[in-house]
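Novice: Coordinates for the following, if possible.
(2 chains)
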Amino acid sequence: MSRAQVKIVAVAAVLAAVALIVPHTSSFIILLATRAFAFSILVMSVDLLLGFTGLASLGQAAYLGIGAYLTAILATRYHIGLGGDFWLVLALAMLGAAALAALFGLFAMRASGVYFLMITLALGQCVWGLAYRWNSLTGGDNGINLSQRPRFFGIDLANEVTFFYLVFALFTASLVVLYTLVRSPFGRSLVGIRERELRMKVLGYNTWLHKYLAFIIAGAFGGLSGVLWVHTAGIVSTDAVVLTTSVDALLMAVLGGAGTLVGGVIGAAVVFFIREYLSTLVHWWQYALGGIYVLVILYLPGGLMSIPQRLREWRATSGAAAAKGVVMPAPAGRAG
Amino acid sequence: MNAQFWLIQTFNGLSYGALLFLVGSGLSLIFGVMRIVNLAHGSYFLLGGYVALSVIWSTGSWVLAIPAAAIAIALLGLVMERVFLRPLGFDPLRQVLLTVGFAFLFQQAALDIWTGNPFDIDPPAALSRSIVVGGLHLPVYRIFMIGVALAIGLLLWLTMEKTRLGAAVRATVDDAQMARGVGINTSLISTLIFALGAALAAVGGVIGGAFLGVYPGLDFEMLPIAFAVVIIGGMGSLGGAAIGALIVGLADNFGKALFPEVSYFTLYAPMALILAVRPTGLFGRE
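Specialist: As a prediction, this is how the structure comes out:
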């Protein structure tokens, strides 16, 4: 098996194990895992931009927000999306978020580097500003409560295990779709743009269109994440679209390992574990979180996913040193 | 909506803009010299307010609190820059992420030291009155804010334009490699500017503490507003920060008074538009 195949099998095995074990734990852990998987889809959408296209977005929460607010407003006002039409709402949310990304992308694509970071921050703040102030639509600071989860074809998502499996299935589907995408010629071109945009331009690629499409696809997955997020929490408020949510998504992608997709779920799992579980045990949990961020950024640029490779490298170099023994070979004299 | 409404709102907008100038100019200077997008800048603002509170509680002196907060936060910025940001070299993304990591650490430290309760910084009685000018009641404190911002802005401008140190800073902004070539210690300048930027944010936090308050979460509320100031004016330009602060201060006040439902939208949408049309801001340099 090639190394890529080994990785796929390993990831599939770990995910299958998680899917089998989580339902037998406490309802607290089940909720925690559900939240982490729902948010992971947003983190993977950030990674599509950051890890594969080289664009660091600080406004990805906007798309999560569109998905979440759309779901909540349709459900509470028009009673849409609480039966089999849940899937319709899911599609609508992805389309809505993609449409917003198509609009925002027109602005964002004009900038690169740190300016891209700031323009996405500004665009994200536009959505936050509307959510915060447009009380009649969004409920402002209080947000919108969603009192029930969908029920269709004899499946009741109010059951936490059933809902966990739905979120897990949609997460896995997103992972497969995004993985296929980044391995496709389109995904390869994105990596080419990340490495050197000018060269891709000279080769005749429409780099603007590639980046724009990646931005829209990322937006759509953000919308999907939002639908699951609001049904997990039962409420959507400005917390969903605030700057720190975008920052979280970006940091989780880096923590897990940018350019790995599945690293996003590891980043999300670590952060949710610290923030929601460790915080119930100790008061210094935020030091742990901030400390992990700082250490990973300083010493592990490839994120937690790069640890196995780091270990291999370390073993290889120490093994080579041992084979050489203490006597270093004398440097060869310069010929000529 | 009579003339009085417009005058009062303009005055409020100007004084809020004065506060924003203190926060924005520091952020802009840091970006100009070091190309670092400092996402911990809101934390400096908040921590400045907290340090001032501690000084006031222990000495009772509000006047002493301002320089104390400025020095304390300048030292914090100095350590952060020297020990953590510098070793990363020129890698903007990792530096940005690192400053966020620190913002989280500062948040926790603030909670541990100053609890989660909201506080106000009460200015001395002399500044708490209001005076009547042409039938308008103007709080002396807001006039004081405008005065402080003007004084600091003038001092910064004079330093930048008229002194040898200022010339070295400008040379570093324009071409750091060339500046090093002619014997300017750009490393020292970067550290000094980072500390100065942090100190300016801290002074803003002390002065703003009287009407914004000092509470957990203020850091990430202030951060995007500071970015709006800097982006509209242009990163790395002192004059740009002043104009950006005025625009944001006025837009924020009139937005909230005239179109409350979309008030923040009216603040951030122009910011996105300006970035799209002119990524370096209205007065930024290429």
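
Novice: distance of whichever residue of the stretch 151-286 of chain B sits closest to chain A from B:G213?
Specialist: When scored by CB to the nearest CB, the stretch 151-286 of chain B has B:Y264 as its residue closest to chain A, at 2.6 Å. Using the backbone N, CA and C atoms, a C-beta is placed for each residue, glycine as well. Here B:Y264 is placed at a distance of 19 Å from B:G213 (CB to CB, to the nearest Å).

Novice: What is the one helix or strand B:G13 maps to packed up against?
Specialist: Assigned by DSSP states H and E, B:G13 falls within helix B:3-34. In terms of contacts (3 or more CB pairs under 8 Å, 6 or more residues apart in numbering or on different chains; DSSP states H and E), helix B:3-34 is packed against helix B:41-59, strand B:136-139, helix B:140-162, helix B:164-174, helix B:186-208, helix B:218-233, helix B:238-258.

Novice: how about CSV for the ones you listed, with distance to A:R149, mean neighbour count and mean pLDDT added?
Specialist: Converted to CSV, those look like this (distance: least, CB to CB, whole Å; neighbours: other CB atoms under 10 Å in any protein chain shown; pLDDT from 0 to 100):
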stretch, distance to A:R149, mean neighbour count, mean pLDDT
helix B:41-59, 36, 24, 93
strand B:136-139, 51, 14, 81
helix B:140-162, 50, 16, 91
helix B:164-174, 55, 17, 86
helix B:186-208, 43, 25, 91
helix B:218-233, 31, 26, 87
helix B:238-258, 37, 22, 87
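
Novice: Any chance of those in CSV with distance to chain A as columns?
Specialist: Putting the helices and strands packed on helix B:3-34 into CSV (distance: least, CB to the nearest CB, whole Å) gives the following:
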stretch, distance to chain A
helix B:41-59, 10
strand B:136-139, 26
helix B:140-162, 23
helix B:164-174, 15
helix B:186-208, 16
helix B:218-233, 5
helix B:238-258, 9
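
Novice: Just put the ones you listed in a markdown table and tack on distance to A:S246.
Specialist: Formatted as a markdown table, the helices and strands packed on helix B:3-34 follow (distance: least, CB to CB, whole Å):
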| stretch | distance to A:S246 |
| --- | --- |
| helix B:41-59 | 15 |
| strand B:136-139 | 36 |
| helix B:140-162 | 30 |
| helix B:164-174 | 29 |
| helix B:186-208 | 22 |
| helix B:218-233 | 10 |
| helix B:238-258 | 20 |
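
Novice: Where do the strands of the stretch 1-150 of chain A begin and end?
Specialist: A:144-145 (DSSP state E, counting those that start in this stretch).

Novice: returning to what we had before: just give me how far the helix holding B:G13 sits from the chain centre.
Specialist: 9 Å (CA atoms, centre = their mean, to the nearest Å).

Novice: For A:N145, list each beta-bridge partner.
Specialist: A:I235 (DSSP bridges).

Novice: pretty sure it contacts A:V230?
Specialist: No - with contact defined as CB atoms under 8 Å, A:N145 does not reach A:V230; the gap is 10.1 Å.

Novice: Show me which of these two is the more surrounded one.
Specialist: Comparing A:N145 with A:V230 by other CB atoms under 10 Å in any protein chain shown, the one with more neighbours is A:V230, at 28 against 13.

Novice: That one reaches A:I73, doesn't it?
Specialist: No - using CB under 8 Å, A:V230 makes no contact with A:I73, being 10.1 Å away.

Novice: Can you report how many residues lie near A:A33?
Specialist: With other CB under 10 Å as criterion, A:A33 counts 22.

Novice: Look up how far chain B lies from it.
Specialist: Separation of A:A33 from chain B (CB to the nearest CB, to the nearest Å) stands at 23 Å.

Novice: got it, and A:Y63?
Specialist: From A:Y63 to chain B the distance is 15 Å (CB to the nearest CB).

Novice: nearest spatial neighbour of that residue, skipping sequence neighbours?
Specialist: A:G222 (2.7 Å; CB to CB, 6 or more residues apart in numbering or on different chains).

Novice: what's whatever helix or strand the one you found lives in packed up against?
Specialist: Element membership for A:G222, per DSSP H and E: helix A:207-233. With contacts taken as 3+ CB pairs under 8 Å, 6+ apart, helix A:207-233 sits against helix A:27-53, helix A:61-78, helix A:86-108, helix A:160-183, helix A:185-195, helix A:197-202, strand A:235-236.

Novice: Now do the buried residues in it.
Specialist: By neighbour count with 16 or more other CB atoms under 10 Å in any protein chain shown, helix A:207-233 contains the buried residues A:207, A:210-233.

Novice: who's in contact with stretch B:127-147?
Specialist: B:4, B:7-8, B:11-12, B:14-15, B:18-19, B:122-123, B:126, B:207, B:210-211 (CB atoms under 8 Å, 6 or more residues apart in numbering or on different chains).

Novice: Name the pair among these with the greatest separation in space.
Specialist: Using CB to CB, those span at most 28.0 Å, a distance reached by B:Q4 and B:D122.

Novice: who's more crowded, B:Y264 and B:G213?
Specialist: B:Y264 (25 against 13).

Novice: Around chain B, which positions in the stretch 1-150 of chain A sit nearby?
Specialist: Neighbours of chain B within the stretch 1-150 of chain A, by CB under 8 Å from any CB of the partner chain: A:56, A:104, A:106-108, A:110-111, A:113-115, A:117-119, A:121-123, A:125-126, A:128-130, A:132-136.

Novice: Now, the residues you listed that are in helices?
Specialist: Taking DSSP state H, the ones among these that sit in helices are A:104, A:106-108, A:114-115, A:117-119, A:121-123, A:125-126, A:128-130, A:132-133, A:135-136.

Novice: among the residues you listed, which ones are buried?
Specialist: Members of those classed as buried by 16+ other CB under 10 Å are A:104, A:107-108, A:114-115, A:117-119, A:121-123, A:125-126, A:128-130, A:132-133.

Novice: Distance-wise, check B:L192 relative to B:L29.
Specialist: Following CB to CB, the distance that separates B:L192 from B:L29 is 10 Å.

Novice: dump the residue contacts of whichever residue of the stretch 101-250 of chain A sits closest to chain B.
Specialist: Nearest to chain B in the stretch 101-250 of chain A, going by CB to the nearest CB, is A:G129, at a distance of 2.6 Å. Neighbour list for A:G129: B:V262, B:S263, B:Y264, B:F265, B:L267, B:Y268 [criterion: CB under 8 Å, 6+ apart].

Novice: repeat that for 7 Å
Specialist: A:G129 makes contact with B:Y264, B:F265, B:L267, B:Y268, according to CB atoms under 7 Å, 6 or more residues apart in numbering or on different chains.
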